[in-house]
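How does the following fold in three dimensions:
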Amino acid sequence: MNSRLARSTVSRRALAAAAFLCCALPIFGQYQGPPVTTPVPAQLTGPTPGVQPPTVTKTAANTTLAPIVAYPGDTLEIVIIGIATLSPLHPQVDSSGNVNLPYIGTVHVAGLQLGEIQNLLSQKYREGDYILNAQVNVQVVSSPSQFIAVTGEVKSPGLVPALGDRRLLEIIAAVGGLTPNASHLITVNHKATGQTVQVLLDSNPADSSEINIAVYAGDSVIIPRSGEIYVIGSVKAPNAIPLITNTPLTLIQAISAAGGANFEAALSKIRIIRTEGAERKAIAVDLKRILDGKEADPIMQADDIIYVPANLIKGGLKGGGASLLVSSILGFAVLTK
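Modelled structure (predicted):
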């Protein structure tokens, strides 16, 4: 009789334990997250060695880099000061690079700067005894070839006419402004001089004269996409967070930007998933030690993925596992009496 009771007690205990495991394991399993599939390298506390932040070229906004030049197809406006009967003239530069003007006939102007065209026309009118001391002003009023190309993270990428003195901020405004994903490090390639200038936009009005550089026909303005890092897992607002040029973003800052860690977050088991070339690495990070000042706060790189896993026990409790756990324990106690 006693042996039967003993066997019955053991059976009830085994049944209770099995019931508890069957209920609890699905709760725990849903918080395990992806495994670390690559060897975990040493703690990385900064950008990849050898990679330096971009250098911003200091260029005064009033620097003359490339005066306007006339090209075939351009329409000029020529004003001869004091001679109302000849002003204004609007000749078009033909395919041979010439314009036809009253009294002086054909004049080759293609490839000449506007100031050179003004001096040439003054000379022609003076040599022909048509107008002595002629003062001539020349402008390009339309052009099928003189454009500034704007590419990248702007609302309407395309070609902007380059007539007259154009400035960087004016060109950006002409294409609708920057998109939310735009980097503030802008590259301007000057075609005439072969010079490349990098300009860092900021909100300081004192820097406006340095930022608003001159841009000329044939130049290209490139606005790249700002890098992003991604925070997923047990945080309040999983999201993509843009990186600001020349402003490091650390792990703590990134998690804070995602609303902070949830109750069930396993702060000692955070992974930074980083792609270097064709290889993806998972970097183990203990946020508790970082918060305690025992480890450096890692600096994020573009396209990093921060995965914050859940603690199995706390995750189960948060998901309603507390009542299930209590019920299972009570049931286990009843069955084993």
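
Could you use CA atoms for every contact and neighbour count after this?
OK.

all helices for the protein, in order.
Assigned by DSSP state H, the helices in the chain fall at 2-29, 114-127, 168-174, 208-211, 251-257, 287-291, 312-316, 322-335.

packing partners for the second one?
When contacts are defined as 3 or more CA pairs under 8 Å, 6 or more residues apart in numbering; DSSP states H and E, helix 114-127 sits against strand 136-142.

so how far is I80 from L121?
According to CA to CA, to the nearest Å, L121 and I80 sit 9 Å apart.

Could you tell me which residues touch both of the two?
The contact sets of L121 and I80 overlap at V136 (CA atoms under 8 Å, 6 or more residues apart in numbering).

and this protein, what are its domains?
By the assignment in automatic domain parsing, the chain contains the domains 2-27+315-335, 33-48+227-310, 75-142, 147-223.

Using JSON lines, please lay out the ones you listed together with mean neighbour count and mean pLDDT.
Below are the domains of the chain laid out as JSON lines (neighbours: other CA atoms under 10 Å; pLDDT from 0 to 100):
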{"stretch": "domain 2-27+315-335", "mean neighbour count": "15", "mean pLDDT": "53"}
{"stretch": "domain 33-48+227-310", "mean neighbour count": "17", "mean pLDDT": "82"}
{"stretch": "domain 75-142", "mean neighbour count": "16", "mean pLDDT": "88"}
{"stretch": "domain 147-223", "mean neighbour count": "18", "mean pLDDT": "86"}
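
closest one to V69 among those domains?
Smallest distance to V69 across the domains of the chain (CA to CA): 4.3 Å, for domain 75-142.

First residue to last residue on the closest one, what's the distance there?
Taking CA to CA as the criterion, the two ends of domain 75-142 lie 5 Å apart.

Then stretch 95-108?
Start-to-end span of stretch 95-108 (CA to CA) is 11 Å.

For it, which outside residues touch it?
By CA under 8 Å, 6+ apart, the residues outside stretch 95-108 that reach it are 71-73, 86, 91-93, 109-111, 124-125, 128, 130.

Just the closest of these to I244, please.
Nearest to I244 among the contacts of stretch 95-108: Y71, at 40.6 Å, using CA to CA.

Pull the contacting residues for A257.
Contacts for A257 (CA under 8 Å, 6+ apart) come out as I241.

Quick check: it vs D304, distance?
A257 is 15 Å from D304, by CA to CA.

Let me see the contact set for the residue lying closest to G233 once chain neighbours are set aside.
Leaving aside its sequence neighbours, G233 sits nearest to V308 (CA to CA, 6 or more residues apart in numbering; 4.8 Å). Applying CA under 8 Å, 6+ apart to V308 gives the contacts V231, I232, G233, S234, V235, A261, A265, A266, L267, K269, I270, R271.
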